[in-house]
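Visitor: heads up, no residue letters with this:
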Ligand SMILES: Nc1ncnc2c1ncn2[C@@H]1O[C@H](COP(=O)(O)OP(=O)(O)OP(=O)(O)O)[C@@H](O)[C@H]1O
Ligand SMILES: [Mg+2]
């Protein structure tokens, strides 16, 4: 086969070009979805509010239990590990600082992002991929309905609202988990714990977490949608796109998180 | 050369294709296509499997980029058309896809009202009435609350047709209306196509395999073979064509392949 005969340099070149093309495609998709959100109503092609609400229900509200559960568990784990580590210095009462900061700046948005990438990212790829395969996307186009405006913009907007909202809830759940364990192990009262958290946290910490969650929302939406739109090869192709979009979205989130954190904390 | 020069003067042309060439990758699928469809005619596109019918249709709908040539629909050049102009053009065109392509997340009624909802400012009850009217036309009255998955193949095609005509388009495309349908339903669909042309003055392009149906409804027929047009003419002219490939297709004769032993061997060994 032609592919196999290529040397590794060409392979690398091909991969790089592919990556650049993909990033270019994602950017174009982002620009177009934002364009319709802003300009749609002027062009008499608005993004429907009802569509945004149903997406918010689908991506956000139904994710509440699992996000709560996971964040609560992470809070407990952080408390266990923090107390264990700090005990070597005899400073276990300082554990609240660690929990408060790492939950709001890191774990709240990250856990939420990973859960939503698994649920919504894959669902998006599957939904749009199926529509591609069954010519529904073509049908929308020939009816004069822009698929990006009709299918992507509402999801993007819903995600940009719901992911930060879920993150706030995840923050609370994580802090609560930490409080429960600290109370059990160290006997810190809930009131003292809350006081401590409030005195430690600055708005900047919460803002850092929330702005991350907006980045995650964009990454998840774009990757899910792009994988859906580029499906080829029938039902099997849809399956591949779904898996790929989850893996890519989670990797995208973690890498974006690292870059973002690095820049914000320099 | 059997393809006649497009006759001018007798009617307005709703579709004009000149020297269309199209590729999938390096593979040439359409080659030197010249085609005209006149206002008010039912134009059938026929041809064997893989001859390029669907590809031609996708080009006519502006869903694919051409390699070279030009296409104009309703007097508008498609290539390089401005987004807004394309949108306006598409409001005057209805398409019924081969598989129906109804949005599976919506009811039949919502599917049919979708173009109205997106392109007009009618109120809900008016849209509902118009949708019901079109569903009556395709004999699907009372099915507006069904989901697409609950419809049979023939019902899906008719629902897709209802959606395609809900904006009263000037130009209607219909891909494989009768494929996989029983003869009665398929005859009903033919009647429907004739009625749409006569009552609503649509120009209709139909892609089909079914010879019987083609001869029943066509004004003119275009026969594709291997990405080229064999003939594009009136039903009678096509019937009496002396071209052997056309006759093979019309008489359902299998193509006689010239037996070249070397080439055959090479193909089998995958060289
Ligand atoms: N997505 C695609 N990628 C590459 N080649 C394609 C693609 N779709 C079609 N082709 C090729 O283009 C040629 C014409 O295909 P097309 O689907 O237009 O045929 P058709 O006349 O509609 O056939 P059928 O009656 O079986 O639907 C075929 O040789 C086919 O292999
Ligand atoms: Mg086809």
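Guide: Arrived safely, thanks for sending. From a predicted model like this one, the values you see are computed outputs, not experimental measurements. Ligands and ions are numbered 1, 2, ... in the order given.

Visitor: can you list the residues of the stretch 51-200 of chain A near chain B?
Guide: Applying C-beta under 8 Å from any C-beta of the partner chain, we find that the stretch 51-200 of chain A lies next to chain B at A:127, A:130-131, A:134-136, A:138-145, A:150. For every residue, glycine as well, the C-beta is placed using N, CA and C.

Visitor: Okay, helices next: where are they in chain A?
Guide: Per DSSP state H, chain A has helices spanning A:2-5, A:8-39, A:49-59, A:64-87, A:95-102, A:108-116, A:122-133, A:136-142, A:147, A:153-186, A:190-200, A:203-229, A:234-264. These are given in chain order.

Visitor: and the ones you listed, which is most packed in?
Guide: The highest mean neighbour count among the helices of chain A, using mean count of other C-beta atoms under 10 Å in any protein chain shown, belongs to helix A:108-116: a mean of 26.

Visitor: what ranges of chain B fall below the confidence cut-off?
Guide: Within chain B, the stretches with pLDDT under 70 are B:1-11, B:253-259, B:271.

Visitor: 50 instead, please
Guide: Within chain B, the stretches with pLDDT under 50 are B:1-10.

Visitor: Flag every residue of it that's near chain A.
Guide: Residues of chain B found near chain A (C-beta under 8 Å from any C-beta) are B:58, B:61-63, B:84, B:86-88, B:90-91, B:93, B:95, B:97-99, B:101-105, B:114-115, B:118-119, B:163.

Visitor: Show me which of those are buried.
Guide: Applying 16 or more other C-beta atoms under 10 Å in any protein chain shown to these, the neighbour count classes B:58, B:61-62, B:86-87, B:90-91, B:93, B:95, B:97-99, B:101-103, B:114-115, B:118-119, B:163 as buried.

Visitor: can you tell me which of the residues you listed are in helices?
Guide: Among those, the members found in helices (DSSP H) are B:58, B:86-87, B:90-91, B:114-115, B:118-119, B:163.

Visitor: picking that back up, and of the residues of the stretch 51-200 of chain A next to chain B, the nearest to residue B:136?
Guide: Distance from residue B:136 was checked for each of those by C-beta to C-beta. The minimum falls on residue A:143, at 20.9 Å.

Visitor: How about the contacts made by residue B:214?
Guide: Residues near residue B:214 by C-beta atoms under 8 Å, 6 or more residues apart in numbering or on different chains: B:44, B:46, B:206, B:208, B:221.

Visitor: Turn those residues into TSV, including secondary structure, distance to ligand 1 and neighbour count.
Guide: Rendered in TSV, the data for the contacts of residue B:214 read as follows (DSSP: H, G, I helix; E, B strand; the rest coil; distance: C-beta to the nearest ligand atom, whole Å; neighbours: other C-beta atoms under 10 Å in any protein chain shown):
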residue	secondary structure	distance to ligand 1	neighbour count
B:44	strand	13	26
B:46	strand	9	25
B:206	strand	13	26
B:208	coil	9	24
B:221	strand	15	27
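
Visitor: Pretty sure residue A:166 is one of the things residue A:116 touches, is it not?
Guide: Yes. With the criterion set as C-beta atoms under 8 Å, residue A:116 and residue A:166 qualify as a contacting pair; they are 7.0 Å apart.

Visitor: Overlap of the contact sets of the two?
Guide: Common neighbours of residue A:116 and residue A:166, using C-beta under 8 Å, 6+ apart, are A:63, A:67.

Visitor: thinking again about what came up before, need the helices of chain A in TSV with mean pLDDT, can you?
Guide: Output for the helices of chain A, formatted as TSV (pLDDT from 0 to 100):
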stretch	mean pLDDT
helix A:2-5	53
helix A:8-39	84
helix A:49-59	87
helix A:64-87	94
helix A:95-102	92
helix A:108-116	95
helix A:122-133	94
helix A:136-142	93
helix A:147	91
helix A:153-186	94
helix A:190-200	92
helix A:203-229	93
helix A:234-264	91
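
Visitor: now the ones you listed in a markdown table, with distance to residue B:228?
Guide: Conversion of those to a markdown table gives the following (distance: least, C-beta to C-beta, whole Å):
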| stretch | distance to residue B:228 |
| --- | --- |
| helix A:2-5 | 29 |
| helix A:8-39 | 33 |
| helix A:49-59 | 45 |
| helix A:64-87 | 58 |
| helix A:95-102 | 68 |
| helix A:108-116 | 52 |
| helix A:122-133 | 29 |
| helix A:136-142 | 25 |
| helix A:147 | 33 |
| helix A:153-186 | 42 |
| helix A:190-200 | 76 |
| helix A:203-229 | 32 |
| helix A:234-264 | 29 |
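
Visitor: Looking at these, which is nearest to residue B:193?
Guide: When the helices of chain A are ranked by distance to residue B:193, counting by C-beta to C-beta, first place goes to helix A:136-142 at 18.4 Å.

Visitor: That closest one packs against which elements?
Guide: When contacts are defined as 3 or more C-beta pairs under 8 Å, 6 or more residues apart in numbering or on different chains; DSSP states H and E, helix A:136-142 sits against helix A:122-133, helix A:147, strand B:93-96.

Visitor: How about residues contacting that helix?
Guide: Applying C-beta under 8 Å, 6+ apart, the contact partners of helix A:136-142 are A:128, A:130-131, A:146-147, A:150-151, A:229, B:58, B:61-63, B:90, B:93, B:95, B:97, B:101-104.

Visitor: Not counting sequence-adjacent ones, nearest residue to residue B:210?
Guide: Distances taken as C-beta to C-beta, 6 or more residues apart in numbering or on different chains place residue B:178 nearest to residue B:210, at 4.9 Å, with adjacent residues excluded.

Visitor: do the same with residue B:41
Guide: In space, and not counting its chain neighbours, residue B:41 is closest to residue B:219: 4.2 Å by C-beta to C-beta, 6+ apart.

Visitor: cool, and residue A:210?
Guide: Leaving aside its chain neighbours, residue A:210 sits nearest to residue A:164 (4.8 Å; criterion: C-beta to C-beta, 6+ apart).

Visitor: wait, doesn't that neighbour sit right on residue A:216?
Guide: No. Under the criterion of C-beta under 8 Å, residue A:164 makes no contact with residue A:216, lying 9.5 Å away.

Visitor: Flag every residue of chain B that's near ligand 1.
Guide: Residues of chain B lying close to ligand 1 (C-beta under 6 Å from any ligand atom) are B:24, B:27, B:29, B:47, B:49-55.

Visitor: Please dump the helices and strands packed on helix A:136-142 into TSV; it should also carry distance to residue B:269 for every row.
Guide: Compiled in TSV, the helices and strands packed on helix A:136-142 are given as follows (distance: least, C-beta to C-beta, whole Å):
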stretch	distance to residue B:269
helix A:122-133	34
helix A:147	44
strand B:93-96	43
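
Visitor: where's residue B:122, which helix or strand?
Guide: Assigned by DSSP states H and E, residue B:122 falls within no helix or strand.

Visitor: right, I mislabeled it, should have said residue B:23
Guide: Take DSSP H and E as the rule and residue B:23 turns out to sit in strand B:13-24.

Visitor: Can you list the buried residues in that strand?
Guide: B:13-17, B:20, B:22-23.

Visitor: No further queries at this time; thank you.
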